[in-house]
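Colleague: pasting a predicted model and its sequence here:
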Amino acid sequence: MNKSRVLVQMSGGVDSTVAAAKLVEQGFEVIGVTFAPYEPKQITCCFSETDAKMACDKLGIRHIYLDLKELFQRNIIDYFLSEYMQGRTPNPCTKCNPEIKFGRILELADELDAYWLATGHYANVRYDENLQRHIIYRSENKSKDQTYVLWGLKEEQISRIKFPIGNYDKTDTREIAKQLDFMNFDKDESQDVCFIPYNNYKDFLYQTQEETIDNLQDGYIVFHGKIMGKHKGYPFYTIGQRHGLGIAYSEPLFVKRIIPETNTIEIGTEDEIYSSGLIAHSVNLIKYDDLSEPKLFEVKIRYNGKGSMAYCQMTEDGNLHVQFLEAKSAITPGQSVVMYENDDLVGGAIIEKQIESE
């Protein structure tokens, strides 16, 4: 396969544009690809075929447009909706990356005889001689680091990735684009979940699941076994949520547990939403082959959350057991638990349940 040829995912945004420009500068034969995950809307800033094509034309490189709407709907959006309807809070980016951005797009790279696949992620990759494998590690720009959403990648994917702007500061990225006279140098940042307009989860869920949610309204909100009120449909709530409960009490109350089977939401005080650990499924390890013995890692349970030290170990049934040194608040089923050793991404999994503090 041609190691001088690289396929660059280009959304039309500044990050992927500068990534492509850097690779051209380094002497690679660069091909840009823009994939459509859904029907574009005026308020969507996550991809623009027009802006990507303009950037490619300016760089003098080939541009390919790929329609992946059906695949994205089936693998990502339907998954997202299913998780919410089961009372969980998913992170669709952690599924999109291994299955589409570094899955289906890597297949396109194969078709084009391009060994490398590049993106505008703020992350890094290196080959570790001792471990005989490729390791993803955090960006020097910790405020923009995106390794959290890359935990699902496999060695055969990681070994072919380039992150040309992995350690850049966003200000520097924009300045480079401006100096190169790209019109998108001041384009808005992408939103959290690309397919949800204005990040309004409630509207999106209601528009796509209206009949089901209408039948879920008027379920009970329970505190210490006592009915405190009724909710508006459990998919509209997440663990740790405080606002919108409509419950008056002497101290703040938070969503502690969502029980779809009984259409019930349990709430508790701030102290009661802390957990000592968690169990997670769909484990993917990047740095090590196994975790049969407990190891101490820095663990993140939210994209923008602060990491905490915890002992991590695989169980006999293939799940991941995480035991925090200090109890954590609002551990949320459906979210990703991601492990780090220093700056190296060890791996991750999807949170199944909390382990209650004693």
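Modeller: Okay, I see it.

Colleague: show me where the stretch 201-350 of the chain has its strands.
Modeller: Listed in chain order, the strands found in the stretch 201-350 of the chain under DSSP state E, counting those that start in this stretch are 220-223, 226-230, 253-259, 264-269, 274-285, 295-300, 308-314, 320-329, 336-341, 344-356.

Colleague: tell me the SS of F80?
Modeller: helix (DSSP: H, G, I helix; E, B strand; the rest coil).

Colleague: so for it, what's the pLDDT?
Modeller: Per-residue pLDDT puts F80 at 94.

Colleague: wait, isn't it in contact with P92?
Modeller: Yes: the criterion here is CB atoms under 8 Å, and F80 meets it with P92 at 4.8 Å. (C-beta placed from N, C-alpha, C; glycine too.)

Colleague: tell me which of those two has more neighbours.
Modeller: F80 (24 against 21; other CB atoms under 10 Å).

Colleague: show me what contacts the more buried one?
Modeller: Listed by CB atoms under 8 Å, 6 or more residues apart in numbering, the contact partners of F80 are 90, 92, 193.

Colleague: quick one: which of those is nearest N141?
Modeller: V193 (22.4 Å; CB to CB).

Colleague: so who does that closest one touch?
Modeller: Per CB under 8 Å, 6+ apart, neighbours of V193: 80, 92-93, 199, 201.

Colleague: check which helix or strand covers the nearest residue to L180 once chain neighbours are set aside.
Modeller: Nearest non-adjacent residue to L180, counting by CB to CB, 6 or more residues apart in numbering: A21, 5.8 Å away. For A21, the host element (DSSP states H and E) is helix 14-25.

Colleague: how about residues contacting that helix?
Modeller: 6, 8-10, 30, 32, 52, 55-56, 59-61, 118-122, 162-165, 168, 173-174, 176-177, 180, 182, 184-187.

Colleague: pull out the buried residues from the residues you listed.
Modeller: 6, 8-10, 30, 32, 52, 55-56, 59, 61, 118-122, 162-165, 168, 173-174, 176-177, 182, 184-185, 187 (16 or more other CB atoms under 10 Å).
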